[in-house]
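[1] Sequence first, then the predicted structure:
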Amino acid sequence: MMMSQRTTIQGEVIGFNEILHGKKAIHCWTNAIQAAMVPQPLDLSAYLGLEVSVSGTLQEDLWLAWLEGVESEETPIQITGKVVGLNQIYSGGREITCYRHGMVEAFHMPLNLMDYMDETMTVAGILRGTTLYRASIVSVPERETGMDANKEATSLNDLLRIRAANREQIEAINGNLGTALGYKWTNGQRTNHPCIMIFVPQKLNPALVPPSEREPDVLEGPDGMWCLTDVVTGGKKESLADIDPLPPLSQENQDVIDELRSGNIGLIGGIQLAFYEGGIQQPSNAFVGTAGIAVRHRETKKVGFLTNQHVADEPGRTIYHPRHLNARLGFTKRVRTRVTDAAWYQGVIDESFSSVRCDCAFVQVSDALQSLVKPGLHVIGNTGSVLPINPDTMDIIGQKVISIGRTRGVQRGTIVAYAYEFQDDFFSRYTDLLIIGEEGKVFSWKGDSGKVIVTDDAELRPVALLWGGWQERLRKGREQEMWSYAIDLGKILDLLNLDVLV
């Protein structure tokens, strides 16, 4: 007998292996019609009342049938219960098993609830019997610390003091890639609890970590002050060869980059800077970066650009724009690379052999070009007054920002942490800000060094000077994956005796 071609039909599940297709009830069997003496039903009981898509050989009933997909699902519901297993909660007198995948997907992805064992929490998903599909965590219990709520840290300076008092304990944590100050995140949502963020290459089940290397939930500082900790996955790549390629730029952004490197848009924040190393005029000996923003020296009144020391090199270095074989723009007037932690943080902390990487430089434009220097940032526009970072608050954390650089063009991001300590052995090294690109995008790349970061709002207030990031190798041979590094712009301007040109 000639077999019909395979077809796909849709219908509402009205029985164990029965769907209503149009006005006709059709039974679904997994074996062929030739095996009708012992038909094997396609179990659709989990989808009773739902529209499904099934395929097979249609001959009155559907043979050689399999489920293609669920066409409609109920609205997700929330369930509150006590965690009793890896992905089980006990609620309403029954145990519910939670999976991150849908009902018809072949892979097995339990929703890991181990961190909340024996605690009551809320999850959401599509409930079928005692199984919750496409499950996610909605809320978790507020952890009891047993600490005096009036002594909880409320500012960046509070967190600086607590971290300084616990250096040895923090450094012992397994795989520590550095620490920073910010807010604790739970279930993908920021809480209102200031915390010390501890970056590790990979989060592990606490049972796999020796007790001496586990992170404490709470750290105590001077005078009974305390804060929570937050362990964050900070880097995974063990070698440069493992780094994923950069995501492509939009054509609009590529056009902006071409303008920044062209030498045809004038002298404005964002354009490319270049110099030779050792005076050897070979492309391999050329260094490029970004002219952050136009500035004026407070005493000499000379105009130039703020950038990084590793872009401007050393005082007296000739700087070119747009490329190292093109017109002489000016020369490096002044640079700074480090400042002691006591001076930078105004005495809040004072550790031996400790400093802040400030990595800044003033490139003075030649006298013949002084009048051609324009304020503001290319494409982004004129900027407002400098935004000071106040460490007696937490205000800078969460600030939305925007910038322009000669490699990635215009990029948006968020300031997520302060006072990143990226080296802590015999010497300690700090930088001010960690910035994550919008929607996980790359905020900066090589050649963007020296760009100035401004608030992403109508005022466009300059706030920071970028010096590195996105796979920057800073500590223990691991590549940091997500962040860019920047320094407080207000302090940089005071250090170099500059004002932003308006």
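    Okay, I see it.
[2] And the longest strand anywhere in the chain, what's buried?
    When the chain is parsed with DSSP state E, its longest strand is strand 409-424. Neighbour counts using 16 or more other C-beta atoms under 10 Å place 409-411, 413-424 of strand 409-424 among the buried residues. Where you see a C-beta, it was placed from the backbone N, CA and C, and this is true even at glycine.
[3] now the helices for the chain?
    Along the chain, the stretches classed as helices by DSSP state H are 156-165, 167-171, 251-260, 309-312, 341-344, 489-496.
[4] Columns mean pLDDT and mean neighbour count on top of those, output as TSV?
    Supplementary listing: those in TSV, determined by pLDDT from 0 to 100; neighbours: other C-beta atoms under 10 Å:
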stretch	mean pLDDT	mean neighbour count
helix 156-165	96	22
helix 167-171	85	14
helix 251-260	96	16
helix 309-312	94	24
helix 341-344	95	19
helix 489-496	98	20
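[5] coming back round to it: may I have the longest strand of the chain as CSV, with CA atoms only?
    C-alpha atoms of strand 409-424 as CSV (Å, rounded to 0.1, in the frame of the first residue of the first chain):
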residue,chain,number,x,y,z
GLY,A,409,32.9,55.0,18.0
VAL,A,410,30.0,56.0,20.1
GLN,A,411,29.2,53.6,23.0
ARG,A,412,26.9,53.7,25.9
GLY,A,413,27.3,52.0,29.3
THR,A,414,26.7,52.0,33.1
ILE,A,415,29.1,52.7,36.0
VAL,A,416,28.8,49.6,38.1
ALA,A,417,31.6,49.8,40.7
TYR,A,418,34.1,52.1,42.3
ALA,A,419,37.7,51.7,43.6
TYR,A,420,38.6,48.5,41.7
GLU,A,421,41.6,46.9,43.4
PHE,A,422,43.1,44.9,40.6
GLN,A,423,46.4,44.0,42.3
ASP,A,424,46.9,43.0,45.9
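[6] partner strands of that strand, parallel or antiparallel?
    strand 178-186 (antiparallel), strand 400-405 (antiparallel), strand 428-437 (antiparallel) (DSSP bridges).
[7] what sits against the residue nearest the centre of the chain?
    For the chain, the residue nearest the mean C-alpha position is Ile436 (4.2 Å; C-alpha atoms, centre = their mean). If a contact means C-beta atoms under 8 Å, 6 or more residues apart in numbering, then Ile436 has 413-414, 416, 443, 482-484 as its contacts.
[8] Against Cys195, how distant is it?
    Relative to Cys195, Ile436 is positioned 16 Å away (C-beta to C-beta, to the nearest Å).
[9] and if you look at Gly269?
    Relative to Cys195, and taking C-beta to C-beta, Gly269 is found at 34 Å.
[10] who has more neighbours, those two?
    Gly269 (33 against 23; other C-beta atoms under 10 Å).
[11] Got phi/psi on Asp217?
    phi -70, psi -30 (degrees, to the nearest 10).
[12] returning to what we had before: closest one to Cys360 among the strands paired with strand 409-424?
    strand 428-437 (11.7 Å; C-beta to C-beta).
[13] can you give me the angle that closest one makes with helix 489-496?
    130 degrees (axes from the mean of the first three to the mean of the last three C-alpha atoms, to 10 degrees).
[14] Give me the number of neighbouring residues for Gly49.
    Gly49 has 9 nearby residues by other C-beta under 10 Å.
[15] Please tell me I have it right and it contacts Val13.
    Yes. Under the criterion of C-beta atoms under 8 Å, Gly49 makes contact with Val13 at 6.5 Å.
[16] I'd like the helices of the chain as TSV, with distance to Phe275 appended.
    Output for the helices of the chain, formatted as TSV (distance: least, C-beta to C-beta, whole Å):
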stretch	distance to Phe275
helix 156-165	36
helix 167-171	38
helix 251-260	17
helix 309-312	7
helix 341-344	27
helix 489-496	18
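[17] re the thing from before, would CSV of the contacts of Ile436 with pLDDT and distance to Ala165 be doable?
    Listed next are the contacts of Ile436 as CSV, based on pLDDT from 0 to 100; distance: C-beta to C-beta, whole Å:
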residue, pLDDT, distance to Ala165
Gly413, 95, 31
Thr414, 96, 29
Val416, 94, 23
Phe443, 92, 32
Met482, 70, 28
Trp483, 82, 25
Ser484, 91, 29
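[18] Let me have those residues in TSV, adding distance to Met394 as columns.
    Below are these laid out as TSV (distance: C-beta to C-beta, whole Å):
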residue	distance to Met394
Gly413	18
Thr414	14
Val416	12
Phe443	21
Met482	21
Trp483	18
Ser484	20
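[19] Would you mind measuring from Gly85 to His108?
    15 Å.
[20] of these two, who's got more company?
    The neighbour count for Gly85 versus His108, taken as other C-beta under 10 Å, is higher for Gly85 (14 against 8).
[21] Now do the contacts for the more buried one.
    Contacts of Gly85 (C-beta under 8 Å, 6+ apart): 95, 113.
[22] Quick check: beta-bridge partners of it?
    Gln88.
[23] Then the one 10 residues further on?
    Residues in a beta bridge with Glu95, per DSSP bridges, are Tyr90.
[24] Run a quick neighbour tally on it.
    13.
[25] Confirm for me that it is in contact with Gln88.
    Yes. Between Glu95 and Gln88 there is a contact under C-beta under 8 Å: 5.3 Å.
[26] Distance of Ala417 relative to Ala180?
    From Ala417 across to Ala180, the span is 4 Å (C-beta to C-beta).
[27] Between those two, which contacts overlap?
    Shared contacts of Ala417 and Ala180, counting by C-beta under 8 Å, 6+ apart, come down to 197, 434.
[28] Give the rounded mean pLDDT of stretch 268-284.
    Stretch 268-284 shows a mean pLDDT of 75.
[29] try stretch 452-471
    For stretch 452-471, the per-residue pLDDT averages 92.
[30] Could you export that stretch as PDB, CA atoms only?
    Output of stretch 452-471 as PDB, limited to C-alpha atoms (Å, rounded to 0.1, in the frame of the first residue of the first chain):
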ATOM      1  CA  VAL A 452      36.300  61.000  28.000                       C
ATOM      2  CA  ILE A 453      33.100  59.500  29.500                       C
ATOM      3  CA  VAL A 454      30.100  61.800  30.000                       C
ATOM      4  CA  THR A 455      26.700  61.300  31.600                       C
ATOM      5  CA  ASP A 456      24.100  60.000  29.200                       C
ATOM      6  CA  ASP A 457      21.600  62.700  29.700                       C
ATOM      7  CA  ALA A 458      20.700  66.200  28.400                       C
ATOM      8  CA  GLU A 459      23.600  67.700  30.500                       C
ATOM      9  CA  LEU A 460      26.400  65.500  29.100                       C
ATOM     10  CA  ARG A 461      28.600  66.100  32.200                       C
ATOM     11  CA  PRO A 462      32.100  64.800  31.900                       C
ATOM     12  CA  VAL A 463      32.800  62.300  34.700                       C
ATOM     13  CA  ALA A 464      35.700  60.000  33.900                       C
ATOM     14  CA  LEU A 465      38.800  59.300  31.700                       C
ATOM     15  CA  LEU A 466      39.000  55.800  30.200                       C
ATOM     16  CA  TRP A 467      42.400  54.000  30.200                       C
ATOM     17  CA  GLY A 468      41.600  50.300  29.400                       C
ATOM     18  CA  GLY A 469      39.300  47.400  29.500                       C
ATOM     19  CA  TRP A 470      37.500  44.600  27.700                       C
ATOM     20  CA  GLN A 471      39.800  41.600  28.000                       C
END
